[in-house]
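**Q** Give me a 3D structure for the following:
(chains A, B, C and D)
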4 protein chains.
Amino acid sequence: MSQIILENFHSHTLEGNPLGDPTTRRVPVYLPPGYEEGGVRYPVVFLLSGFTGRGTMMLNDALWEETIQERMDRLIQEQKVRPMILVLPDCTTRYGGSQYLNSRATGNYEDHLLELVTYIDQTYATRADRVFRGVAGKSSGGYGATMLGMRHPDVFGLVADHSGDKYFELCYKPDFPKVLSYYARVGEKGMLEMLANPARVRPKSGDFFAALNISAMASCYSPNPAAPFGFDLPFDLYTGEMRAEVWARWEAFDPVVLAEKAAPSLRSLKLFFFDCGTRDEYHLQYGARIFAQRLREHHVPFVQEEFDDGHRSINYRYDVSLTKFSEAM
Amino acid sequence: MSQIILENFHSHTLEGNPLGDPTTRRVPVYLPPGYEEGGVRYPVVFLLSGFTGRGTMMLNDALWEETIQERMDRLIQEQKVRPMILVLPDCTTRYGGSQYLNSRATGNYEDHLLELVTYIDQTYATRADRVFRGVAGKSSGGYGATMLGMRHPDVFGLVADHSGDKYFELCYKPDFPKVLSYYARVGEKGMLEMLANPARVRPKSGDFFAALNISAMASCYSPNPAAPFGFDLPFDLYTGEMRAEVWARWEAFDPVVLAEKAAPSLRSLKLFFFDCGTRDEYHLQYGARIFAQRLREHHVPFVQEEFDDGHRSINYRYDVSLTKFSEAM
Amino acid sequence: MSQIILENFHSHTLEGNPLGDPTTRRVPVYLPPGYEEGGVRYPVVFLLSGFTGRGTMMLNDALWEETIQERMDRLIQEQKVRPMILVLPDCTTRYGGSQYLNSRATGNYEDHLLELVTYIDQTYATRADRVFRGVAGKSSGGYGATMLGMRHPDVFGLVADHSGDKYFELCYKPDFPKVLSYYARVGEKGMLEMLANPARVRPKSGDFFAALNISAMASCYSPNPAAPFGFDLPFDLYTGEMRAEVWARWEAFDPVVLAEKAAPSLRSLKLFFFDCGTRDEYHLQYGARIFAQRLREHHVPFVQEEFDDGHRSINYRYDVSLTKFSEAM
Amino acid sequence: MSQIILENFHSHTLEGNPLGDPTTRRVPVYLPPGYEEGGVRYPVVFLLSGFTGRGTMMLNDALWEETIQERMDRLIQEQKVRPMILVLPDCTTRYGGSQYLNSRATGNYEDHLLELVTYIDQTYATRADRVFRGVAGKSSGGYGATMLGMRHPDVFGLVADHSGDKYFELCYKPDFPKVLSYYARVGEKGMLEMLANPARVRPKSGDFFAALNISAMASCYSPNPAAPFGFDLPFDLYTGEMRAEVWARWEAFDPVVLAEKAAPSLRSLKLFFFDCGTRDEYHLQYGARIFAQRLREHHVPFVQEEFDDGHRSINYRYDVSLTKFSEAM
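**A** I've put the predicted structure just below:
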């Protein structure tokens, strides 16, 4: 029988984080069948949730979805995946998510993850080596996985990115007019109320979600402790005009832009896998195609897939990435 | 500290159910702080989930939502609600939900609930009396609560119905054209595949959800073991023409239609509360208004509220119903 | 060269109409090439516009559409259609359209059309015989054509109905919730303002168009001079509850319901053609299928087509109906 | 009584235009009441239609809209506008519109307009002076008016721009993903078919209109006779990646970008008016706000209004611009 250990992990890194978000996070750890018998060390995969998600939600009950425990048990039983430890971090912020980055607006979630890696290796029977340590995720979690592969290839030797944020031009910009509409309706006061407590906004309209999502991205990509919101938006809320210098800060976090510089890191990976649905509501299939072009130009080996689906309800894609991890380890 | 006991409840009622759905169900039971000290008997509230939901999902982690345990702990601590036991049943079927009814197409979920009531009274320190036993729910769960209040007022003395299905004319019919579209696209074969395994349909389009929802309702309201699907749809899938005799079977389950006959039962309740958002995507506010008219005509006392929101993300309405339950007990 | 004569037709029938709509209507008459040479009598086709349309609009310039004059010239030149006279009536009311019916709320537009037939025969070189007189239309105009075929087969021996209103259950009911939303927003005062001057309502939202359309239909199907609006709506504006007796009045105008009684009339037609797009936004393809079933049951010969398109921008279907008219005359 | 003269204007400028579009255009000319009496010279206003529109369509019959003749007659009668001549050009191309620009992909429509000005002055009793010659338009016609004011202030002394294209970043980019979807569905072959004959594409989906609109804009802003389509798109149809050099060519036509350089021209105008609805579906209110900022920075006088409406059905705004023209002349 597999087990889930619910770690209450106290993060030194998150102490004093700017939003006052919790410093202790519940981090589920999946231990494969046989773990309790001891004597074996296991590969580890960190699974990163999408925006507004965290590891505990991968254990949520849902009518037509396996939990990650059920999925992993099945994959191991079907011998598609070898026994591995899974770690399910929580890098949410009050705004929804940290993009797994360090930010002066939200906290140092990238460092937090590395801190967690150390803790896991100290606590569990891991094979504490990059070639047995993977990171995978979906949507913002896919983005996080790719960024960690670019920045910490010494830590994570295998990366899988499902429908991750890429080519910000197409994945974020189409939401900007909705943010402008939300602001036109609620004003600066309403924006501040949303940021102070997103849960309390009711009813939650479509443009609310856009406003929050773009604000959250700004808190990750263009923090500014001196600004009223704690971050800069890449456009003017009244005129809609782009702020080129802020947008440039965003683009500096775009995998498509980073590909060249990160090519040596990515080349060092044992496996770099990414995929996207051809009906992705955030147009991420295009980002994936551009990214693939860049990687080819810089001689980075990778595995790319496209599948006939949208952005949501695609947990079944973990079957693919976990299998590939298992084969590559 | 409160506790959640996860009952693995074996249901004799569900044995041999037509869809082969599980006969053992995980039923979380919330025990309030102090319960473990003993010596006290508590009121019980059964909380019924909406379509595609079940009790365990009320414990799911979500960024901006309390779990039912957190909500209840807070309400008790704020002294808005007295300590009570909550029971979170699972009446899902392969199609999504049973409407908490007995059906030859799905199984006897109404009986199953009564079986569960008996078990809970045998197992926990309940006040086993209708005036201390409530049933509440949201959407299909609200519908279930109202139906149980109508049919088993001797069992449930308090009923709360949040945005429950009512006036089928406005809540189901607008989805019928979408079912016709889905059928036009996938044909009878596709319908049968959907019914055999809804989870596997990909991608899940908007008209898929309508097709499944209406099919599920038909499995509850117009079962027909001799029909290809195991139930009759209230319209012809090719011409769209209503089948009056099937629709009449549906209407026989509409609270608005049942109000007159059920008036004596409803009058016997200690509390009958229902509410609905004024932007309900299924137009349920209108059903609630008609229902209120009918109740007034038949001298049934009730408490009705409308609130400024849609059909989803309205768990916060449980604060209202649980408080009213507590006051009325 | 063909000509368009713009008749300013004074209608005795419309004198004193309840809405004070104009009694003189501009009615374009298409005379085919050669007409001016005299000595020949021509078949006549009355072309009925859809809701909010009138004959003059068939002459409107549009980038990708032929005017009816250009279309007819081409069809004659291609020898698909023999030279015929086309008459383009105006049966609009302040609310948008009369459905080509007599109504105490709007005026006697059915009679008005018959008056126009007489005038045309008196004024132009027509073959004044039902077997050379056709009526065709699109949407509400298709409905009008079918109704005229049912009620005046002695006048119109050929009928073509493109995407006409049929099976009110599916073509009107889905709009009722939008009317309820509009009313919830603007109240009785707003409804009266809309009815007093639909043009002046700004901005014109989606639910405005539904509210106006359904009001206009009520003015045709369920007039009531004693009611505040001059007609009865088939549902309560606050509770949404259907008013069965009003809805029954509507259904009495549904071609699907009328088919049996009108079968002898329809059997007497030289041609009864109807079609609909398989993506019709008003679900009229289903009404057409039910109608076809009824006609078969009552041994009415007809020609039915389905085509891959929606409800709008389908003037090209006149090529089909005019060709069939020409062949059948 | 006012008159409409339908000029069949042969354009030397359009001879040999790349798309083979007509060189003779029907240009309605509105002559005010009293014109026929002679002895008076009148101001002239050129009214430019939006995308897929042309002058003759301003005479189209519509249920709730005045034709431009009815509107002008009323404005003159109400003494809001002095008697003026209106000219209603046709600058459509096979793709929908020319943006009133010279282009190697479509033809020299800017020159064509100037040619028309000369012709009108030669043919009608105009006051042939820039201070009595205005240009106004809506949407693409508003864009055209602003561009003509920037480039030919010696010809047009008064400019009114209703909801004109501005700040391409927000008005065109949100449509790019729809073009990508259309291409994903129809391929290069389908794109070429669309460009060869947009009318024939059926059914005309939402992404068809985006694909055609963006293609048409590319034909105006980034023509390239050597490219397969005759123009360059500002993004790659497969990867969605922006082509910076093509986009730069587009931006060189953006009023917001041109404001600085054109400031001296715009300062020389007798009247520069522009407005936009606060619910504009193309987000043009933001462009208008940015444009206003730029004009202020460069000391260009202007009159700006915002109104509570969307992008369509706003002909009533001509009442404002024509009145302002009249006052300023």
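
**Q** Could you measure from A:Leu158 over to C:Leu266?
**A** According to Cβ to Cβ, to the nearest Å, A:Leu158 and C:Leu266 sit 72 Å apart. (Glycine included, C-beta is placed from N, CA and C.)

**Q** The stretch 1-150 of chain A: strands as residue ranges?
**A** Applying DSSP state E, counting those that start in this stretch to the stretch 1-150 of chain A gives strands spanning A:3-10, A:24-31, A:44-48, A:85-87, A:102-103, A:107-108, A:133-138.

**Q** Of A:Leu158 and C:Leu266, which one has the most company?
**A** A:Leu158 (27 against 23; other Cβ atoms under 10 Å in any protein chain shown).

**Q** partner residues bridging the nearest residue to the more buried one once chain neighbours are set aside?
**A** Excluding its sequence neighbours, the residue lying closest to A:Leu158 (Cβ to Cβ, 6 or more residues apart in numbering or on different chains) is A:Gly134, at 3.6 Å. In this structure, A:Gly134 bridges to A:Val45, A:Leu158 when assessed by DSSP bridges.

**Q** Next up, the contacts around A:Gly134.
**A** By Cβ atoms under 8 Å, 6 or more residues apart in numbering or on different chains, A:Gly134 lies in contact with A:43-46, A:156-160, A:271, A:325, A:329.

**Q** What parts of chain A come near chain B?
**A** Neighbours of chain B within chain A, by Cβ under 8 Å from any Cβ of the partner chain: A:52-54, A:56-57, A:59-65, A:92, A:96, A:198-199, A:202-204, A:277, A:279, A:308-310, A:313.

**Q** quick one on the thing from earlier: filter the contacts of A:Gly134 to the buried ones?
**A** A:43-46, A:156-160, A:271, A:325, A:329 (16 or more other Cβ atoms under 10 Å in any protein chain shown).

**Q** Redo those as TSV? Include pLDDT.
**A** As requested, the buried ones among the contacts of A:Gly134 are arranged in TSV below (pLDDT from 0 to 100):
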residue	pLDDT
A:Pro43	98
A:Val44	98
A:Val45	98
A:Phe46	98
A:Phe156	98
A:Gly157	98
A:Leu158	98
A:Val159	98
A:Ala160	98
A:Leu271	98
A:Phe325	98
A:Met329	93
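
**Q** With respect to chain C, which of the residues you listed is nearest?
**A** Nearest to chain C among those: A:Ala160, at 39.5 Å, using Cβ to the nearest Cβ.

**Q** hang on, isn't A:Thr93 packed against A:Ala216?
**A** Yes: when contacts are counted by Cβ atoms under 8 Å, A:Thr93 is listed as touching A:Ala216 (7.2 Å).

**Q** more neighbours, these two?
**A** For A:Thr93 and A:Ala216, the more surrounded residue by other Cβ under 10 Å is A:Ala216, and the numbers stand at 26 against 23.

**Q** which ones are touching the more buried one?
**A** Under the criterion of Cβ under 8 Å, 6+ apart, the neighbours of A:Ala216 are A:51, A:93, A:95-97.

**Q** One more pass at 7 Å, please.
**A** Residues in contact with A:Ala216, defined by Cβ atoms under 7 Å, 6 or more residues apart in numbering or on different chains, are A:51, A:95-97.

**Q** Wait, a strand at it?
**A** No: A:Ala216 is assigned helix when assessed by DSSP: H, G, I helix; E, B strand; the rest coil, not a strand.

**Q** Return the closest of the buried ones among the contacts of A:Gly134 with respect to B:Gln77.
**A** Distance ranking of the buried ones among the contacts of A:Gly134 against B:Gln77, using Cβ to Cβ, places A:Phe46 first at 35.8 Å.

**Q** hang on, isn't that closest one packed against A:Asp90?
**A** No: contact criterion Cβ atoms under 7 Å: A:Phe46 and A:Asp90 do not qualify, at 11.7 Å.

**Q** quick one on the thing from earlier: can you list residues touching both of A:Thr93 and A:Ala216?
**A** Listed as contacting both A:Thr93 and A:Ala216 by Cβ under 7 Å, 6+ apart is no residue at all.

**Q** State the pLDDT value of A:Asn213.
**A** As predicted, A:Asn213 sits at a pLDDT of 98.

**Q** How many neighbouring residues does it have?
**A** Per other Cβ under 10 Å, the neighbour tally for A:Asn213 reads 21.

**Q** now do A:Thr123
**A** The number of residues near A:Thr123, taken as other Cβ under 10 Å, comes to 12.

**Q** any idea of the pLDDT on A:Gly206?
**A** On the pLDDT scale, A:Gly206 is placed at 87.

**Q** Contact partners for the residue in the stretch 1-150 of chain A that chain B sits nearest to?
**A** The stretch 1-150 of chain A approaches chain B most closely through A:Trp64 (3.5 Å), counting by Cβ to the nearest Cβ. Shown in contact with A:Trp64 (Cβ under 7 Å, 6+ apart): B:198-199.

**Q** next one: A:Val135
**A** Counting by Cβ under 7 Å, 6+ apart, the residues that A:Val135 touches are A:46, A:48, A:145, A:148-149, A:156, A:159.

**Q** let's see 8 Å
**A** A:45-46, A:48, A:144-145, A:148-149, A:156, A:158-160.

**Q** Quick check: of the contacts of A:Ala216, which lies closest to D:Pro234?
**A** Nearest to D:Pro234 among the contacts of A:Ala216, counting by Cβ to Cβ, is A:Phe51 at 28.9 Å.

**Q** residues near the closest one, how many?
**A** 22.

**Q** Quick check: residues of chain A near chain D?
**A** Contacts of chain A with chain D, taken as Cβ under 8 Å from any Cβ, map to A:167, A:169-170, A:173-174, A:176-177, A:180, A:184, A:238-242, A:278, A:283, A:286-287, A:289-290, A:293.

**Q** Could you check how far the residue of the stretch 101-250 of chain A found nearest chain B is from A:Tyr95?
**A** Of all residues in the stretch 101-250 of chain A, the one sitting closest to chain B is A:Ala199 (3.5 Å; Cβ to the nearest Cβ). Distance, A:Ala199 to A:Tyr95, using Cβ to Cβ: 11 Å.
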